[in-house]
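In: Sequence first, then the predicted structure:
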Amino acid sequence: MNILIVEDEANVVSILKRGLIKDGFEPSVAPEASIALKMLATHSFALIILDIMLPGMNGLELCKQIKKNYPKIPVIMLTALDSTENIVTGLDNGADDYMVKPFKVAELTARIRMLLRRHDAFQSAEEIIVIGDLQINLTAKIVKRAQQEITLTATEYRLLQFLAKNKQKILSRIDILENVWDIDFNMGTNVVDVYVNYLRKKIDKGFDNNLIHTVVGLGYILKEK
């Protein structure tokens, strides 16, 4: 589970990282809002721990942007101000939970697990397949890579869905023809290769790591390297 910590206080970051690693999480750190937004655009995070007092854009404004662009990522707000007004303001700006500094790391990790369980239940209900930074929402038929929505034709979507439901599995051209097109093609046709190429241009082009791979003589596979 990748957790993004948006915090500029080195001592707080150190405490958070130690506690999260001990509980099996993989923390990444952004000391300010602009860096956090860049990281969110290129990486997938299960949850965000966000301080209110940040240099430049404050945590409240950043939380608004996060919830606008990545509404399903849970956010725990950290605040040194424990008044009801400040807590309500944080929640009104989209935070899913809050912790008042100083806090106990054990309590924070317990809240993280609770939010992730809630999020996982929501994802299961929506039938979301995740491969690396690729997300395929089978319920809404929405495809995103690195949080950027990708527009696919109906055939491209069916092909991606079939590959994703069989991720890590080599699929022959015949498997794909029978399940994506559901009709008998001349086995000499290159329709599968043509559509895999279309899909690669939309799913893999511009990204550092390819997800759609050719297995020479056997077919295709959707997987992380």
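Out: It's in. Just so you know, these numbers come straight off a predicted model, no measurement behind them.
In: Counting by contacts, list what the longest helix belonging to the chain packs against.
Out: For the chain, the helix with the greatest residue count under DSSP state H is helix 105-126. For helix 105-126, the elements it packs on are helix 10-22, strand 47-51, strand 75-79, strand 97-100, judged by 3 or more C-beta pairs under 8 Å, 6 or more residues apart in numbering; DSSP states H and E. Quick note: C-beta positions are derived from backbone N, CA and C, even for glycine.
In: so which of those comes closest to residue 203?
Out: strand 47-51 (25.4 Å; C-beta to C-beta).
In: residues in contact with the closest one?
Out: Residues from elsewhere that reach strand 47-51 (C-beta atoms under 8 Å, 6 or more residues apart in numbering): 1, 3-9, 12, 16, 36, 59, 62-63, 66, 73-79, 95, 108, 112, 115-116, 119.
In: Produce a PyMOL select command limited to the buried residues of those.
Out: Entered in PyMOL, the line below selects the buried ones among those, by 16 or more other C-beta atoms under 10 Å:
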select buried, resi 3+4+5+6+7+9+12+16+36+59+62+63+66+73+74+75+76+77+78+79+95+108+112+115+116+119
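In: Can you give me the domain assignment for the chain?
Out: Domain assignment of the chain by automatic domain parsing yields the ranges 2-126, 129-222.
In: export those domains to JSON lines and tack on mean pLDDT?
Out: Output for those, formatted as JSON lines (pLDDT from 0 to 100):
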{"stretch": "domain 2-126", "mean pLDDT": "87"}
{"stretch": "domain 129-222", "mean pLDDT": "88"}
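In: Give me the most central residue, this structure.
Out: residue 44 (3.6 Å; C-alpha atoms, centre = their mean).
In: Would you map the strands across the chain?
Out: For the chain, applying DSSP state E gives strands covering 2-6, 26-30, 47-51, 75-79, 97-100, 128-131, 134-137, 142-145, 148-150, 212-215, 219-222.
In: deepest of the ones you listed, which one?
Out: Greatest average neighbour count among the strands of the chain goes to strand 47-51 (a mean of 25), per mean count of other C-beta atoms under 10 Å.
In: Now do residue 142 against residue 39, distance only.
Out: Per C-beta to C-beta, to the nearest Å, residue 142 is found 22 Å from residue 39.
In: Let me know which of the helices and strands packed on helix 105-126 is the nearest to residue 180.
Out: strand 47-51 (35.0 Å).
In: List the strands paired with that closest one, with their directions.
Out: Under the criterion DSSP bridges, strand 47-51 sits next to strand 2-6 (parallel), strand 75-79 (parallel) in its sheet.
In: Which of the ones you listed sits closest to residue 159?
Out: strand 2-6 (28.2 Å).
In: hmm, who's touching that closest one?
Out: Contact with strand 2-6 is made by 13, 16-17, 20, 25-33, 36, 39-40, 43-51, 54, 59, 62, 112, as judged by C-beta under 8 Å, 6+ apart.
In: cool, stretch 198-213 as well?
Out: Contacts for stretch 198-213 (C-beta under 8 Å, 6+ apart): 131-134, 143, 145-146, 150-153, 156, 159-160, 163, 196, 220-225.
In: repeat that with 6 Å
Out: With contact meaning C-beta atoms under 6 Å, 6 or more residues apart in numbering, stretch 198-213 is reached by 131, 134, 150, 156, 159, 160, 221, 222, 225.
In: distance of the closest residue to residue 69 other than its chain neighbours from residue 68?
Out: Distances taken as C-beta to C-beta, 6 or more residues apart in numbering place residue 147 nearest to residue 69, at 6.8 Å, with adjacent residues excluded. Using C-beta to C-beta, residue 147 is found at 12 Å from residue 68.
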